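**Student:** I would like to see how this sequence folds:
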Amino acid sequence: MKKGKLLTYDSESDVLYIVTKKGAEESVVEISPGINVELNERSEVIGIEILHASKLFKPIAKPLYQQMQYVNV
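**Tutor:** Predicted structure coming up:
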């Protein structure tokens, strides 16, 4: 995959989108309430959509942020 955004967060709709592969969406499978997997025509995962992301990640946000401060990118 070429360089580009792998993560997109829309604060208005509180949706986090993770790109796994380029391609056109053919179908969507809800794997858990609020978590959708987008598939291409070959049923390969091309993206993961997480609804209500801030609520889902709130319990781990602070520890995760603290760990990220120690990682050199």
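
**Student:** Excluding residues flanking it in the chain, which one is nearest S27?
**Tutor:** Setting aside the residues directly before and after it, S27 is nearest to L39 in space (CB to CB, 6 or more residues apart in numbering), at 5.0 Å. Where C-beta positions appear, they are placed from N, C-alpha and C, glycine not excepted.

**Student:** Next up, the contacts around the one you found.
**Tutor:** Contacts for L39 (CB atoms under 8 Å, 6 or more residues apart in numbering) come out as E25, E26, S27, V28, V29, V45, I46.

**Student:** any idea how far I31 is from the residue nearest the centre of the chain?
**Tutor:** The structure's the chain has its C-alpha centroid closest to I18; by CA atoms, centre = their mean the separation is 2.9 Å. When CB to CB, to the nearest Å is applied, the distance between I18 and I31 equals 13 Å.

**Student:** what does P63 give?
**Tutor:** Summarising the geometry, the distance separating P63 from I31, computed by CB to CB, is 25 Å.

**Student:** Break down the protein into its helices, ranges please.
**Tutor:** With DSSP state H applied, the chain shows helices at 53-68, listed in chain order.

**Student:** what mean pLDDT does stretch 11-23 have?
**Tutor:** Averaged across stretch 11-23, the pLDDT comes to 92.

**Student:** So which bits of stretch 23-41 are buried?
**Tutor:** Taking 16 or more other CB atoms under 10 Å as the basis for neighbour counts, the residues of stretch 23-41 that come out buried are G23, I35, N36, V37, E38, L39, N40.

**Student:** Among the residues you listed, which pair sits farthest apart?
**Tutor:** Pairwise distances across those peak at 19.5 Å for G23 and I35 (criterion: CB to CB).
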